[in-house]
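Visitor: next one to model:
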Amino acid sequence: MLPYPAPHAKSDSVAAAVPLVEITRGEIVESRHLGALAVVDSDGRLLASAGDPFYAAYLRSSAKPFQAMPTVASGAFDRTGLAQDALALMCASHHGTEEHVAVCQRILDASGLDASALRCGVHWPIDEEATRRLAAAGLTPDPRHNNCSGKHSGMLTLATFWQCADSDYTDPSHPVQRAIMQRLVEFTGLPAEAISVAPDNCTVPAFAMPLANAALAFARLIDPTSPQEARRIVAAMQAYPHLVSGHGAMDDMLMRAGAGALVAKGGAEGYQGIGIRTPDGRSLGFTLKMADGAARAKGPVIYAVLERLGLATHDVLVSLESLRRPEVRNHRQVVVGEMRPVFDLTIYDPPLEFLR
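Guide: Predicted structure coming up:
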């Protein structure tokens with residue numbers, strides 16, 4: 001039985017992290033990225049790790065599938081009459097394209113709201129072409145272009161359904177946020193007091209917990225015996241992966257390649273959560289945190305874990321080949337180096353039970 005870390009203890013990223021990826025230029029290693037990861041099954045057993053699998057880190061946007069669950073479970077989503085694309089956007093860190101904004105607006109319309117109800121703040125679209133088009137039209141972004149506007153519109157859908165939209169739905173004490181915390185408790189196996197909370201960049205609570213518990217949540221998310229709302233969320237994300245992120249982005253790439261076997265949701269500062277249905281029928285969760293927040297280093301780690309543990313079919317790995325050892329190119333598109341995984345996986349045989 002492995003102990004939980006102290007709920008509000010500061011994470012020592014130096015002690016918790018190990019070198020995961022190195023970047024070469026010519027024959028020299030120019031940079032190294034450290035991090036930690038955990039692979040867990042849906043019964044709460046630790047199967048593999050690198051670094052400290054109980055490193056406490058913020059899920060950031062990787063929490064979004066769980067934040068959408070109360071909106072589905074309550075009946076609020078069905079009452080809107082919206083389709084799967086809207087549910088996918090509620091789980092998204094979208095890129096602010098015209099399609100993303102249009103789906104967000106449909107969610108708001110279904111609750112009789114407009115963009116002014118969103119409390120996520122404003123930033124230019126992540127998609128560079130969308131930003132150029134917006135600027136060329138002489139327009140500026142509004143809250144719908146925020147990558148978290150889908151999540152916020154989903155929270156507003158629930159707040160409207162529960163008739164509590166007149167209070168601040170981003171406050172941790174709001175009924176919507178309390179319902180989300182309860183879902184995290186159920187899926188992670190942690191008591192609420194062991195989940196640290198701080199404001200995310202979009203104002204709503206962000207949640208920190210050990211990587212192993214977050215991996216458990218993703219294993220339970222993709223498990224075919226999970227609650228109906230979880231299965232519906234997974235189906236929507238897999239059906240519209242480009243709405244969950246953007247065309248060609250990491251989550252889009254993983255879910256397209258997985259063809260129903262993967263559900264993926266990345267978060268800021270180098271976080272990634274993945275639910276996996278393995279070729280032999282197991283439900284696993286895999287969480288990764290880059291200690292320096294480097295999202296660029298996630299791909300080689302993800303590919304290496306899927307390959308080394310046999311968690312994906314040959315066809316899936318072929319589709320993800322570009323993640324294996326990405327080339328480093330200069331401005332003339334000449335290959336000058338590569339990114340490559342450099343970590344050893346600790347494999348637990350037998351698996352380690354960590355739930356109390």
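Visitor: longest strand anywhere in this structure?
Guide: For the chain, the longest strand by residue count, based on DSSP state E, is strand 28-41.
Visitor: partners of it, with directions?
Guide: In the sheet, strand 28-41 lines up against strand 18-25 (antiparallel), strand 45-50 (antiparallel), strand 283-290 (antiparallel) (DSSP bridges).
Visitor: most tightly surrounded among those strands?
Guide: strand 283-290 (a mean of 28; mean count of other CB atoms under 10 Å). Quick note: C-beta positions are derived from backbone N, CA and C, even for glycine.
Visitor: so after it, what's the next helix or strand?
Guide: On the C-terminal side of strand 283-290, the closest following helix or strand by DSSP states H and E is helix 298-308.
Visitor: quick one: the residue lying closest to residue 211 once chain neighbours are set aside from residue 285, how far?
Guide: By the measure of CB to CB, 6 or more residues apart in numbering, the closest residue to residue 211 outside its immediate chain neighbours is residue 38, 4.1 Å from it. Noted for residue 38: a distance of 8 Å to residue 285, by CB to CB, to the nearest Å.
Visitor: so what sits against both of these two?
Guide: The contact sets of residue 38 and residue 285 overlap at 214, 215 (CB atoms under 8 Å, 6 or more residues apart in numbering).
Visitor: which positions in the longest strand of the chain come out as buried?
Guide: Across strand 28-41, burial judged by 16 or more other CB atoms under 10 Å covers 31, 33, 34, 35, 36, 37, 38, 39, 40, 41.
Visitor: and the pLDDT for the third one?
Guide: To tie it back to what came earlier, the one meant is residue 34. Listed pLDDT for residue 34 reads 97.
Visitor: who does the residue nearest to residue 211 bridge with?
Guide: residue 49, residue 287.
Visitor: residues in contact with it?
Guide: Applying CB under 8 Å, 6+ apart, the residues near residue 38 are 46, 48, 49, 53, 54, 210, 211, 212, 214, 215, 286, 287.
Visitor: go again using 7 Å as the cut-off
Guide: 46, 49, 53, 211, 212, 215, 287 (CB atoms under 7 Å, 6 or more residues apart in numbering).
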